[in-house]
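Student: please find the sequence and the predicted model below.
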Amino acid sequence: MKIKNVVKVMNFHSLLKVDKARRTAEKYFSYERELTEFADNILNNRNLLLDKKVLSLNRMKKPLNIYIGNDMGFCGNLNSSVKKAERDNKCQKIIIGKKVKSNDPSIILQINKDEYANYTGQIEEILYDTIVNKNNSEINLIYNHYYNVGQIELIKKKILPLDNLKTTKTHKEDFTIEGDINEILTNVIVLYLSYEIKVAIENTYASENITRQMLTQESLKKLDEIEIEEQRKEKKAIKQKSFKKVIDNFIKLKNIEE
């Protein structure tokens, strides 16, 4: 069966990538913690006189939602879940993922997942513009989050305003600052947000490959079942044909004797 050979290749390809994707996602978890600590250090440092209104947004504006799907097919309901979430017409949108294409006029940028590195500068400009010109009420990431091999969940993660950086911790590290500290703060937060998107993209690779591997494995089992059933039918047909031949011969022999 030609389709079985194709699925075998897909399964093997995903199997090779699944462990790497899992380890990469777990590595980025630690990177995310470090970057969050760094941004928190800047934002909540008692030695820095910051105007935190710089990071406030306009609640009357639409949210900016960043939807991250997959570039590869055969990923079960991962893409369909993102597509369903993407139907929200009360927001501006950035779509990342070949399998989540749309003609929605509210989309301001639409790219494949493997193109992200080439569009990082453009996305950071959008993030910077959102902060400086208050173009949106909030920024959210919507993607399939990998927790472990047994748990993948579609989540909506707010990355601006910085609710996750509201802390009672007071940092005391001192800095030597040259230039406008609030402009530096804005650029640091843009970098932080850009990296949050990168972390989410890397995380979805784990979700994608694990789901793809499990589904192709299940498909191979079903194809084996179909193949066994076809072989059973072929054997049954051969037996029936042989039995019919025996009956025909018996009838001929009986007619001759009569």
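Tutor: Received it, and whenever you're ready, just let me know what you need.
Student: and stretch 62-70, which residues are buried?
Tutor: 62-70 (16 or more other CB atoms under 10 Å). Bear in mind the C-beta positions are built from the backbone N, C-alpha and C, glycine included.
Student: looking at those, which one is closest to Leu185?
Tutor: Using CB to CB, Leu64 comes nearest to Leu185 of the buried residues of stretch 62-70, at 19.7 Å.
Student: run through who's touching stretch 132-142.
Tutor: 56-68, 82, 85-86, 92, 127, 129-130, 154-161, 186, 193, 196-197, 200 (CB atoms under 8 Å, 6 or more residues apart in numbering).
Student: redo that, cut-off 7 Å
Tutor: Identification of contacts with stretch 132-142 by CB atoms under 7 Å, 6 or more residues apart in numbering yields 57-59, 61-68, 82, 85, 92, 129-130, 156-161, 186, 193, 196-197, 200.
Student: got the CA coordinates for it in PDB?
Tutor: C-alpha atoms of stretch 132-142 as PDB (Å, rounded to 0.1, in the frame of the first residue of the first chain):
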ATOM      1  CA  VAL A 132       4.500  53.800  22.000                       C
ATOM      2  CA  ASN A 133       1.300  54.700  20.200                       C
ATOM      3  CA  LYS A 134      -1.100  52.700  22.400                       C
ATOM      4  CA  ASN A 135      -2.600  50.900  19.300                       C
ATOM      5  CA  ASN A 136      -4.000  47.900  21.300                       C
ATOM      6  CA  SER A 137      -5.600  47.100  24.600                       C
ATOM      7  CA  GLU A 138      -3.500  44.000  25.100                       C
ATOM      8  CA  ILE A 139      -1.300  41.400  23.300                       C
ATOM      9  CA  ASN A 140      -2.100  37.700  23.600                       C
ATOM     10  CA  LEU A 141      -0.500  34.500  22.300                       C
ATOM     11  CA  ILE A 142      -2.800  31.700  21.300                       C
END
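Student: columns distance to Arg33, secondary structure and pLDDT on top of the buried residues of stretch 62-70, output as CSV?
Tutor: As requested, the buried residues of stretch 62-70 are exported to CSV (distance: CB to CB, whole Å; DSSP: H, G, I helix; E, B strand; the rest coil; pLDDT from 0 to 100):
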residue, distance to Arg33, secondary structure, pLDDT
Lys62, 31, coil, 92
Pro63, 25, coil, 93
Leu64, 24, strand, 94
Asn65, 24, strand, 93
Ile66, 21, strand, 95
Tyr67, 24, strand, 92
Ile68, 20, strand, 92
Gly69, 26, coil, 86
Asn70, 25, coil, 81
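Student: restricted to helices, list the contacts of stretch 132-142.
Tutor: 82, 85, 129-130, 186, 193, 196-197, 200 (DSSP state H).
Student: redo those as JSON lines? Include pLDDT.
Tutor: Formatted as JSON lines, those follow (pLDDT from 0 to 100):
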{"residue": "Val82", "pLDDT": "78"}
{"residue": "Ala85", "pLDDT": "72"}
{"residue": "Asp129", "pLDDT": "91"}
{"residue": "Thr130", "pLDDT": "90"}
{"residue": "Thr186", "pLDDT": "84"}
{"residue": "Leu193", "pLDDT": "89"}
{"residue": "Glu196", "pLDDT": "87"}
{"residue": "Ile197", "pLDDT": "91"}
{"residue": "Ala200", "pLDDT": "89"}
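Student: rewinding a little: so which of the buried residues of stretch 62-70 comes closest to Ile123?
Tutor: For those, the nearest to Ile123 is Ile66 (8.4 Å; CB to CB).
Student: distance of the closest one from Val82?
Tutor: 11 Å (CB to CB, to the nearest Å).
Student: no further questions, thank you.
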